[in-house]
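> What follows is a predicted structure for the sequence shown.
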Amino acid sequence: MHRYPLWRVGVLVATLSVVTACTLKLNATTWSADELHTLRSLALTALKPLPPDPSNAVADDHAAAALGERIFYDTRFSANGAVSCASCHMPERHFTDGRPFGVGVGVIPLNAMTLVGAAYSPWQTWNGKSDSQWSQALLPLENAVEHGGDRTFYAHLIAEHYADAYTAIFGPLPDLSDAARFPRHAGPVDAVAASMAWETMAAADRDAVNRVFANIGKALAAYERTLLPRPARFDRYVATLGNDGRPQGESLLTDDEIAGLRIFIGKGKCTNCHNGPRFTNDAFHNTAVPGAPGYPLQRGRIDGVVRVQSDLFNCLGPYSDAAPEDCSALRFMVAEGVTLLGGMKTPTLRNVAETAPYMHTGQMTTLADVVAHYSGGGYALLGHNELTPLNLSAQEAAQLEAFLHTLTEDPGQ
């Protein structure tokens, strides 16, 4: 048998170790053609221009957006004069509020979803009970525990504080000076006095108020459509990848973040729901998430379908600017089936590391809790659920969490 001197064996082992390490490093930072295609589909460069909203004629009107922004931050649009849209959608928190439940006039037993990029979605809220941003914006205004007001109250506020801006965009306001015809407080709300006052109003007067109310929502939506996602470190990393799947220059992600990204698009199957440049498919899924302690389980999409179909302000309603053929999402939505019960909207993962707590009632405090939920298999709860345990190791779970931090938008972008 041919024998090498021990010193030469040592050199050979050392050389092989270096080659192996380099190969592993290359494999860790090289993506296949299919993987590269997936990564590029997730990057913001793949985000298409915001589509028009045919139900809102002023959706992209700059003056309407300016009016909507003023209303968004105006606490007068609440029963106690202390609540604005920004109370739950804080810009410094990526338009969330950092609380499990929203806090308005009362407590709202739902987690505030981010408004960043929400204009791309055909459905709004956790169960999709609104089919446009403008119709969604109206819901909290009249909800007893959110803004707590009513629609004649808001119409009077517009006439008193925003008449010039409103008329420049939407045309003349109705004359609301006759208190007998237009009470200060009237609307189809829980408050008995306001509800009774609404019923006594003439149909034409209710319609006039409804139109002002709808236009408030349309102005708010015009502003919210300007809240678009901005590049994150993940996007800059994908931009460095050449067609050979290798980063050009120094990698912008750590080894653990890259490993987590591999899990995200591979073993974790996260892109089944969190796909596209907003990391959401805008669909509804029951993933065996537990309810908030002390509160009944949310029925999810099955209730959202009923609500959106009956909404006076939906795409097919009298205050929509759309033609019926423009309302395909509403006309052809899935309205029945076992998958609707407990189904909640897939949230975007953009800025997810800074928008805790998580899930529809903020049941999970940290990203580690969320990853553990999907790794372990969740809970056998309401209705059919789609969750298959991922069985991640502790290291894989930590790496997946590390990747999610790369989706936070770059400061100053």
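The structure has been received and is ready for your questions.

> Any idea which helix or strand in the chain has the lowest mean pLDDT?
Within the chain, no helix or strand scores below helix 6-28, which has a mean of 41 by mean pLDDT, DSSP states H and E.

> Next secondary structure after that one?
Counting by DSSP states H and E, the next helix or strand C-terminal to helix 6-28 is helix 33-42.

> got the contact list for that following helix?
31, 46, 234, 238, 241, 243, 245, 261-262, 265, 271, 275-277, 279 (Cβ atoms under 8 Å, 6 or more residues apart in numbering). From N, CA and C alone the C-beta is placed, and that goes for glycine too.

> The same query, at a cut-off of 6 Å, please.
Outside of helix 33-42, the residues within contact range by Cβ atoms under 6 Å, 6 or more residues apart in numbering are V238, G245, I265.

> Now distance to L387, neighbour count and secondary structure too, for those, in TSV please.
Below are the contacts of helix 33-42 laid out as TSV (distance: Cβ to Cβ, whole Å; neighbours: other Cβ atoms under 10 Å; DSSP: H, G, I helix; E, B strand; the rest coil):
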residue	distance to L387	neighbour count	secondary structure
V238	28	24	helix
G245	31	16	coil
I265	19	20	helix
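
> For whichever strand or helix holds M196, give the mean pLDDT please.
Using DSSP H and E, M196 falls within helix 192-200. For helix 192-200, the mean per-residue pLDDT is 97.

> how about that helix: buried residues?
Across helix 192-200, burial judged by 16 or more other Cβ atoms under 10 Å covers A194, A197, W198.

> quick one: contacts of that helix?
Under Cβ under 6 Å, 6+ apart, the answer for helix 192-200 is D150, P183, H185, A186, G187, P188, V189.

> and the second one, what does it touch?
For P183, the set of contacting residues under the criterion of Cβ under 6 Å, 6+ apart consists of T152, A197.

> Now do it against A194, distance only.
In this view, P183 and A194 are 8 Å apart by Cβ to Cβ, to the nearest Å.

> same deal with P357?
For P357 relative to A194 (Cβ to Cβ), the value is 34 Å.

> How about R76?
When R76 is compared with A194 (using Cβ to Cβ), they lie 17 Å apart.

> before we move on, the earlier item: just checking, what packs against the helix or strand just after the helix holding M196?
Using DSSP H and E, the helix or strand that follows helix 192-200 in sequence is helix 203-224. On a contact count with 3 or more Cβ pairs under 6 Å, 6 or more residues apart in numbering; DSSP states H and E, helix 203-224 meets helix 62-72, helix 133-142, helix 151-161.

> Deepest-packed of the ones you listed, please.
For the helices and strands packed on helix 203-224, average neighbour numbers computed from mean count of other Cβ atoms under 10 Å are highest in helix 133-142, which has a mean of 25.

> roughly how far is that one from the heart of the chain?
Relative to the chain's own centre, helix 133-142 is displaced by 15 Å; criterion: Cα atoms, centre = their mean, to the nearest Å.

> now do the same end-to-end measure for stretch 230-246.
One end of stretch 230-246 to the other measures 24 Å (Cα to Cα, to the nearest Å).

> Ignore what I typed, I meant stretch 340-349.
End-to-end distance of stretch 340-349: 22 Å, with Cα to Cα as the criterion.

> and it, what's its mean pLDDT?
Per-residue pLDDT over stretch 340-349 has a mean of 96.

> With stretch 108-120 instead?
Mean predicted confidence for stretch 108-120 is 97.

> then that stretch to PDB, C-alphas only?
The C-alpha trace of stretch 108-120 is given here as PDB (Å, rounded to 0.1, in the frame of the first residue of the first chain):
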ATOM      1  CA  ILE A 108     -62.400  46.400  19.600                       C
ATOM      2  CA  PRO A 109     -61.700  42.600  19.900                       C
ATOM      3  CA  LEU A 110     -59.600  42.500  16.800                       C
ATOM      4  CA  ASN A 111     -56.000  43.200  15.900                       C
ATOM      5  CA  ALA A 112     -55.500  46.300  13.700                       C
ATOM      6  CA  MET A 113     -54.300  45.300  10.300                       C
ATOM      7  CA  THR A 114     -51.700  47.400   8.600                       C
ATOM      8  CA  LEU A 115     -52.900  49.700   5.900                       C
ATOM      9  CA  VAL A 116     -49.600  49.600   4.000                       C
ATOM     10  CA  GLY A 117     -50.300  48.100   0.600                       C
ATOM     11  CA  ALA A 118     -53.900  47.200   1.600                       C
ATOM     12  CA  ALA A 119     -55.200  49.000  -1.500                       C
ATOM     13  CA  TYR A 120     -54.100  46.100  -3.600                       C
END
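
> chain center to that stretch, what's the gap?
4 Å.

> just stretch 99-116 next, same as before
How far stretch 99-116 lies from its chain's middle: 13 Å, per Cα atoms, centre = their mean.

> same question, stretch 131-147
15 Å.

> swap in stretch 109-122?
On Cα atoms, centre = their mean, the centre of stretch 109-122 falls 3 Å from that of its chain.

> and the contacts of helix 33-42 as JSON lines, adding distance to L340?
Formatted as JSON lines, the contacts of helix 33-42 follow (distance: Cβ to Cβ, whole Å):
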{"residue": "V238", "distance to L340": "35"}
{"residue": "G245", "distance to L340": "40"}
{"residue": "I265", "distance to L340": "28"}
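
> Out of the residues you listed, the closest to A159 would be?
V238 (50.0 Å; Cβ to Cβ).

> so what's that closest one up against?
Contacts of V238 by Cβ under 6 Å, 6+ apart are L39, A43.

> Now do the strands in the protein.
Here the chain has its strands, by DSSP state E, at 102-103, 107-108, 284-285, 344-345.

> could you dump the ones you listed to CSV with mean neighbour count and distance to T406?
Shown next, in CSV, are the strands of the chain (neighbours: other Cβ atoms under 10 Å; distance: least, Cβ to Cβ, whole Å):
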stretch, mean neighbour count, distance to T406
strand 102-103, 20, 28
strand 107-108, 16, 31
strand 284-285, 22, 24
strand 344-345, 22, 23
